[in-house]
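**Student:** Need a 3D model of the following:
(one chain, ligands or ions: 2)
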Amino acid sequence: MQNRFWVVVPAAGSARRMGNAVPKQYLSVAGRTVIEWSLAPFLAHQHAAGVVVVLASQDQRWSQTALASNSKITTTIGGAERMNSVLAGLGALQERVAPDDWVLVHDAARPCLPASDLDHLLNELSDDAVGGLLAAPVVDTLKRADVNDRVAQTVPRDKLWRALTPQMFRYHILERALQSALSRGAAVTDEAQAVEALGMQPKLVAGDADNIKITLPEDLLRAERILRSRSAA
Ligand SMILES: Nc1ccn([C@@H]2O[C@H](COP(=O)(O)OP(=O)(O)OP(=O)(O)O)[C@@H](O)[C@H]2O)c(=O)n1
Ligand SMILES: C[C@](O)(CO)[C@H](O)COP(=O)(O)O
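**Tutor:** Ligands and ions are numbered 1, 2, ... in the order given. Model (predicted):
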């Protein structure tokens, strides 16, 4: 069984919710940049055949990083929406990838992916017909708000999961799913949603809830604590 896989890392967002002049993937956390942490498990993995980092057209920082000289990494330019960026990443792999090769999509803004979770995902899905994603079961009670931020409804949390990344699909399935979403003008917020729209059911693989996405300023402090506690262990 061919064990190799490819990685697409969308890093072309505008980080509006972070509200920082520095794009969030280049902010420092636990002594490295967010994107260095996010890429580390893949660069260290023996079966990672190549990594495509999808950059914003106006990105001026990537070329200043040590990552820019890593032979395992190539870059391409993303688009206005996540879906456009991931499709650009798939396009950059087109000449090197086989249709049935696994492609993992991991947010540049997720620096806390444990290497053990990456292996768990790969082992769980290596023979899967569809693919799937790391996810964390919802443990809090969920409320839906009305226009006045009053509780409109308590949402039953049974069987609810929070989608994380990496999300892992065969190249030809993911490419077809995202092209279909694009042609329908569907705004998908993760890759699994595009695959679901093809009538497939991605597998949910339980992952570490500490695999957080850096979205708001307070997330940096959380990531700092998580990463430093792991280093100290
Ligand atoms: N057009 C886009 C939008 C997002 N992303 C990437 O997708 C990941 C997750 O997206 P998110 O956390 O929403 O990042 P931003 O879109 O930059 O954040 P915001 O919504 O606050 O602007 C990030 O690594 C981001 O760089 C991307 O490559 N291309
Ligand atoms: C892909 C993702 O991280 C799964 O939770 C999430 O959907 C990304 O959303 P964003 O708005 O692009 O941050």
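**Student:** ok, longest strand in this structure?
**Tutor:** Assignment by DSSP state E gives strand 161-170 as the longest strand of the chain.
**Student:** hmm, who's touching that one?
**Tutor:** Around strand 161-170, the neighbours that count as contacts under C-beta atoms under 8 Å, 6 or more residues apart in numbering are 5, 7, 99-107, 110, 113, 118, 121-122, 125, 130-138, 177, 190-192, 195, 202, 204, 207, 209, 211, 213. C-betas here are computed from N, CA, C, even on glycine.
**Student:** filter those residues to the buried ones?
**Tutor:** The neighbour-count test (16 or more other C-beta atoms under 10 Å) marks 5, 7, 101-107, 110, 113, 118, 121-122, 125, 130-136, 138, 177, 190-192, 195, 202, 204, 207, 211, 213 as buried among the contacts of strand 161-170.
**Student:** what's the next secondary structure element after the longest strand of the chain?
**Tutor:** Tracing the chain C-terminally past strand 161-170 and defining elements by DSSP states H and E, one meets helix 171-184 next.
**Student:** Centre of the chain to that next one, how far?
**Tutor:** A distance of 17 Å separates the C-alpha centroid of helix 171-184 from that of its chain, computed with C-alpha atoms, centre = their mean, to the nearest Å.
**Student:** Now stretch 68-79 - C-alpha only, PDB.
**Tutor:** Once side chains and other backbone atoms are set aside, the C-alpha atoms of stretch 68-79 remain, and they are given as PDB (Å, rounded to 0.1, in the frame of the first residue of the first chain):
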ATOM      1  CA  ALA A  68      11.300  29.200   2.200                       C
ATOM      2  CA  SER A  69      14.500  27.200   1.600                       C
ATOM      3  CA  ASN A  70      13.000  23.800   2.700                       C
ATOM      4  CA  SER A  71      13.200  21.500  -0.300                       C
ATOM      5  CA  LYS A  72      10.000  19.600   0.800                       C
ATOM      6  CA  ILE A  73       8.000  22.800   0.500                       C
ATOM      7  CA  THR A  74       6.700  24.600  -2.600                       C
ATOM      8  CA  THR A  75       4.400  27.600  -2.600                       C
ATOM      9  CA  THR A  76       1.500  28.900  -4.700                       C
ATOM     10  CA  ILE A  77      -0.900  31.900  -4.500                       C
ATOM     11  CA  GLY A  78      -4.300  31.500  -3.000                       C
ATOM     12  CA  GLY A  79      -7.600  33.100  -3.600                       C
END
